[in-house]
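# can't give you the sequence, but here's the structure:
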């Protein structure tokens, strides 16, 4: 897509673009149908195909792009299914994965191939060895043997993990990244030019995945003089709308950051289909307005002023 979709909260108009409206009504039914229309075109415009093994060996980023775009389309579909079952608020957890796709792919795609290959392989080996050794520590070698893992193989994996950590430490000095063995998401976002997007979404979407006192408190609704509920329909609809709004925007941003490598990553379009065919679906979504991360009612604010206990 040539025209980027602004994913930021609406700001005062500038001389170059008219800001999108902000949706304060959470028109969830309309939004669900609009996202379904987007998915129908996106699955044909950005069709995710099968990769060649040799291509992936030559450039691991191709696998990352293929996986990310497939997962995002599936997340959009799953969010619609959940929303139609009054469970769309759970789809906020999908936003975190799509956000990190944008940030990390925005970092990796511009890198020189040799540089990208080395860092991607180290990060992949770190994740793989950490997971396997965590499983070993939890269930023990005897159970691991029943899962076909010989003890000498596991010992070799432990040594490999130590080697990977040493190499990562060297790269940390080279890149000067913040964090521990791995670069922090904040550092990746800054290098990818996505720091503002990261600041807006990362912490909030983390709260949907982890224990969070703040998230727990925002789920409690009521009046100080009466009962409190944790399943307020209007707030659940707001969260569902927020997830649906962010997922399509992040999918479009992923197209943009991966466009130089999309064809090599086995991403194709149906014959005769172009970005022009997506415009009606995008226009419909844009017309529905952006869904703000934080609803004013969470701060007891209404058009008439702060809510007061009755």
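Ah, there it is. Being a predicted model, the structure only gives us computed values, none of them experimental.
# tell me how far stretch 66-79 is from the chain's mean position?
10 Å (CA atoms, centre = their mean, to the nearest Å).
# what's in contact with that stretch?
For stretch 66-79, contacts defined as CB atoms under 8 Å, 6 or more residues apart in numbering pick out 35, 38-39, 42-43, 46, 48-49, 51, 88, 91, 94, 97-98, 101, 105, 240, 243-244, 247-248, 250-251, 254-255, 258, 265-267. To be clear about C-beta, it is placed using only N, CA and C from the backbone, and glycine gets the same treatment.
# ok, longest helix in the chain?
Longest helix of the chain, by residue count under DSSP state H: helix 113-146.
# Surely residue 285 touches residue 248?
Yes - the pair residue 285 / residue 248 is scored as a contact, 6.1 Å apart, by CB atoms under 8 Å.
# any residues in contact with both of those two?
35, 38.
# tell me, what residue is most central in the protein?
residue 98 (1.7 Å; CA atoms, centre = their mean).
# contacting residues for it?
Residue 98 neighbours (CB under 8 Å, 6+ apart): 72, 75, 246, 247, 250, 251, 254.
# Out of the residues you listed, which is nearest to residue 271?
Closest approach to residue 271 among the contacts of residue 98 (CB to CB): residue 251, at 22.0 Å.
# Hmm, residue 161 is touching residue 136, no?
No - contact criterion CB under 8 Å: residue 161 and residue 136 do not qualify, at 11.1 Å.
# which outside residues touch stretch 111-123?
The contact list for stretch 111-123, computed with CB under 8 Å, 6+ apart, reads 59, 60, 61, 64, 108, 164, 167, 168, 171, 182.
# of those, buried ones?
Among these, the ones that count as buried by 16 or more other CB atoms under 10 Å are 59, 60, 61, 64, 108, 164, 168, 171, 182.
# can I get those in CSV with pLDDT, secondary structure and distance to residue 295?
Listed next are the buried ones among the contacts of stretch 111-123 as CSV, based on pLDDT from 0 to 100; DSSP: H, G, I helix; E, B strand; the rest coil; distance: CB to CB, whole Å:
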residue, pLDDT, secondary structure, distance to residue 295
59, 98, coil, 43
60, 98, coil, 40
61, 98, helix, 38
64, 98, helix, 34
108, 97, helix, 35
164, 95, helix, 44
168, 94, helix, 41
171, 92, helix, 42
182, 91, coil, 34
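# and the residues you listed as TSV, adding distance to residue 151?
TSV is the format used below for the buried ones among the contacts of stretch 111-123 (distance: CB to CB, whole Å):
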residue	distance to residue 151
59	35
60	30
61	35
64	33
108	36
164	20
168	26
171	31
182	28
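# now the contacts of residue 98: which count as buried?
If we count by 16+ other CB under 10 Å, the contacts of residue 98 have these buried: 72, 75, 246, 247, 250, 251, 254.
# Could you check stretch 215-224 and say which residues are buried?
Here stretch 215-224 shows 218, 219, 221 as buried, counting by 16+ other CB under 10 Å.
# Which one of these is nearest to residue 297?
residue 221 (8.2 Å).
# List the contacts of the closest one.
Per CB under 8 Å, 6+ apart, neighbours of residue 221: 228, 229, 230, 232, 235.
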